[in-house]
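In: no sequence on this one, just coordinates:
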């Protein structure tokens with residue numbers, strides 16, 4: 001199971017400042033997204049190389065994380081809204097209980113985007129992941145253009161998505 005130390009902001013308003021600071025720190029500092037291979041909840045394998053040429057959002061989250069749960073419907077709506085433009089949203093759960101807990105949670109919430117379990121390797125590649133949600137915005141060239149920690153409101157999410165198209 002993944003090792004992760006998580007510090008969670010318990011209120012969405014507290015996440016606002018964290019989001020703003022994290023976004024400002026990463027704006028304009030593009031770097032190549034690390035390669036990865038994950039097993040989706042439907043047992044298919046997804047690799048970063050399969051996503052080249054597409055805008056990608058990687059969302060590290062957990063079922064017990066209130067800001068994570070609050071943002072998932074917005075990510076799902078974005079996946080649907082920008083599907084024709086190639087957007088891929090991938091949720092990477094850090095739940096230690098594994099797919100047995102994550103799969104029913106995702107089904108109950110009605111999330112339609114891809115979900116996989118984060119393992120130690122991907123946490124190391126994209127880390128340190130110390131707080132969740134941590135969301136990476138990756139452009140069509142495979143560059144991480146933004147890393148945000150905390151809840152992202154729908155308007156800000158939309159602005160960040162436009163940056164990766």
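Out: That came through fine. Model, not experiment: these values are computed from the prediction.

In: all contacts plus neighbour counts: C-alpha atoms, from now on.
Out: OK.

In: Provide the secondary structure category for the residue nearest the centre of the chain.
Out: Taking CA atoms, centre = their mean, the centroid of the chain lies closest to residue 59, which sits 0.8 Å from it. Secondary structure state of residue 59, per DSSP: H, G, I helix; E, B strand; the rest coil, is strand.

In: pLDDT weak spots in this protein?
Out: Scanning the chain for pLDDT under 70 picks out 1-29.

In: same thing but 50
Out: 1-27 (pLDDT under 50).

In: The residue nearest to the centre of the chain: what's it in contact with?
Out: 89-92, 133-136 (CA atoms under 8 Å, 6 or more residues apart in numbering).

In: so which of those comes closest to residue 143?
Out: Nearest to residue 143 among the contacts of residue 59: residue 136, at 9.9 Å, using CA to CA.

In: Which residue comes closest to that closest one once chain neighbours are left out?
Out: Take residue 136 and drop its neighbours on the chain: the residue closest to it by CA to CA, 6 or more residues apart in numbering is residue 147, 4.6 Å away.

In: Could you measure from residue 79 over to residue 37?
Out: 21 Å (CA to CA, to the nearest Å).
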